[in-house]
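1. coordinates for the following, if possible.
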Amino acid sequence: YDITSLLKKAIANDDLSVLYQPQIELATNEVVGYEALVRLRGDKYPPEQFIPIAEANGQIVELDRMVARKVVQQLATWKKRKQRIRPVSINFSYGQLCDEDFVSYLTTLLEEYGVARKLLRVDIKESLFVNDMAKARSFVDELYKAGFGIAIDGFGAGYTSIPRVMQIPVDAVKLDRSLTEGLLAHASDSAATPASAASVVDAAPAESAASDVATGVTSATTNPGVSSAAETSGAAAVSSSSSTASSAFNTASAAVTCAADEAITSLINLVHEAGKIVVVEGVETLQQLEICRDKGGTRILLLRAALA
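-> Next up is the predicted model:
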């Protein structure tokens, strides 16, 4: 009840903020777009808590329309100030399928503010195609015909047939975090002094005024310490049987990691063969960024957000 009441007040008072997460082109290290992330002011509840409730009680329609309006207004502001404009992605959830006029609403909104349709991308969860394939496909076709960019979010989580999803007219595919978290975590653990991936990209547009963009970079904190003489001595006293067990465990872990890496590489190749862009989320360090390059990823979403 507390979250429902809070959402009702936030929607009525326009008390929502939108963060812009940079999307980086790996080939050039340049920002090529943003993902819009909605937040309740004060961050009392994270999105993973209030979004499901908004979907369940029907508030998601008003919530996402408000986010769409804020994003279009921001795009119009950048255009008015003659700043470089990059496309912005907004999320579309299952609860919004009941909003049959959503595409019409977006079209009218963009015309009102004089913003091109190509500057607004709609991210659709892969799970939507499980809940109602026919309706979800109809919605995608409507977006496509209207000229909007489309991306599938959470791809590869096993909800639907991959070849079937590849037939959907989308521009980009965002790999599900369950596929990439282990890979990226392994990169962080193996880095002695991980540097921020944001250090090699122009994540916040230089032409943006300070009043428009306030950024904060999250850097990795994995820094192995130097073992003391006592610790080294103690380590040498470990029994040979323990060492053997540890070695076997490390070998098994390496085999699992290798198999996961191969699966991700195959999935990325499949997406590329279908002529779609591959996006990897949660990249934080230079080591993670290089792994994304090695695996053939096209773009990454940094763990960095700009508040406009």
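2. where along the protein do the strands fall?
-> For the chain, the strands defined by DSSP state E cover 16-25, 30-40, 88-92, 120-125, 149-155, 172-175, 214-217, 277-283, 299-302, 304-307.
3. could you list the low-pLDDT ranges of the stretch 151-300 of the chain?
-> Residues of the stretch 151-300 of the chain meeting the criterion pLDDT under 70: 157-162, 182-261, 296-297, 300.
4. okay, now the unreliable bits of the stretch 1-150 of the chain?
-> Low-confidence segments of the stretch 1-150 of the chain (pLDDT under 70): 1.
5. hey, where'd the helices end up in it?
-> Assigned by DSSP state H, counting those that start in this stretch, the helices in the stretch 1-150 of the chain fall at 2-12, 47-57, 60-80, 102-113, 128-131, 133-146.
6. export only the CA atoms of the fourth one, formatted as PDB.
-> These are the backbone C-alpha positions of helix 102-113, laid out as PDB (Å, rounded to 0.1, in the frame of the first residue of the first chain):
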ATOM      1  CA  PHE A 102       0.700   4.200 -26.700                       C
ATOM      2  CA  VAL A 103       2.200   4.400 -30.200                       C
ATOM      3  CA  SER A 104      -0.300   7.100 -31.100                       C
ATOM      4  CA  TYR A 105       0.600   8.900 -27.900                       C
ATOM      5  CA  LEU A 106       4.300   8.800 -28.700                       C
ATOM      6  CA  THR A 107       3.700  10.100 -32.200                       C
ATOM      7  CA  THR A 108       1.600  13.000 -31.000                       C
ATOM      8  CA  LEU A 109       4.200  13.800 -28.300                       C
ATOM      9  CA  LEU A 110       7.100  13.900 -30.800                       C
ATOM     10  CA  GLU A 111       5.100  16.100 -33.200                       C
ATOM     11  CA  GLU A 112       4.200  18.500 -30.300                       C
ATOM     12  CA  TYR A 113       7.900  19.000 -29.400                       C
END
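7. now that helix: buried residues?
-> Using 16 or more other C-beta atoms under 10 Å as the test for burial, helix 102-113 gives 102, 103, 106, 107, 109, 110. C-beta coordinates here come from the backbone N, C-alpha and C atoms, glycine included.
8. ditto for the shortest one
-> Neighbour-count burial for helix 128-131, counted by 16+ other C-beta under 10 Å, picks out 128, 129.
9. just checking, what packs against that helix?
-> Contact here means 3 or more C-beta pairs under 8 Å, 6 or more residues apart in numbering; DSSP states H and E; on that basis helix 128-131 packs against helix 133-146.
10. if we use 6 Å, what do you get?
-> Of the remaining helices and strands, none touches helix 128-131 by 3 or more C-beta pairs under 6 Å, 6 or more residues apart in numbering; DSSP states H and E.
11. with the fourth one instead?
-> Helix 102-113 makes packing contacts with helix 60-80, helix 133-146 when contacts are defined by 3+ C-beta pairs under 6 Å, 6+ apart.
12. contacts for that helix, please.
-> Residues from elsewhere that reach helix 102-113, judged by C-beta atoms under 6 Å, 6 or more residues apart in numbering: 72, 76, 117, 142, 143, 146.
13. ok, the third one touching residue 147?
-> Yes - taking contacts as C-beta atoms under 6 Å, residue 117 lies within contact range of residue 147: 4.3 Å.
14. who has more neighbours, the two?
-> Using other C-beta atoms under 10 Å, the more surrounded residue of residue 117 and residue 147 is residue 117, with 15 against 12.
15. related to what we said a few turns ago, pick the most deeply packed of the strands of the chain.
-> Stretch with highest mean neighbour count among the strands of the chain: strand 172-175 (a mean of 25; mean count of other C-beta atoms under 10 Å).
16. what packs against that one?
-> Strand 172-175 sits against strand 149-155, strand 277-283, with contacts defined as 3+ C-beta pairs under 6 Å, 6+ apart.
17. for the nearest residue to residue 9 once chain neighbours are set aside, give its distance to residue 38.
-> Closest residue to residue 9 apart from its sequence neighbours, by C-beta to C-beta, 6 or more residues apart in numbering: residue 15 at 6.8 Å. Per C-beta to C-beta, to the nearest Å, residue 15 is found 11 Å from residue 38.
18. then residue 3?
-> According to C-beta to C-beta, residue 3 and residue 38 sit 14 Å apart.
19. and residue 122, what are its bridge partners?
-> Under DSSP bridges, the beta-bridge partners of residue 122 are residue 90, residue 150.
20. next: residue 22.
-> Bridge pairing for residue 22 - DSSP bridges - gives residue 34.
21. so it touches residue 32, yeah?
-> No - between residue 22 and residue 32 there is no contact, the gap being 8.8 Å when judged by C-beta under 6 Å.
22. which neighbours do these two share?
-> Common neighbours of residue 22 and residue 32 (criterion: C-beta under 6 Å, 6+ apart): none identified.
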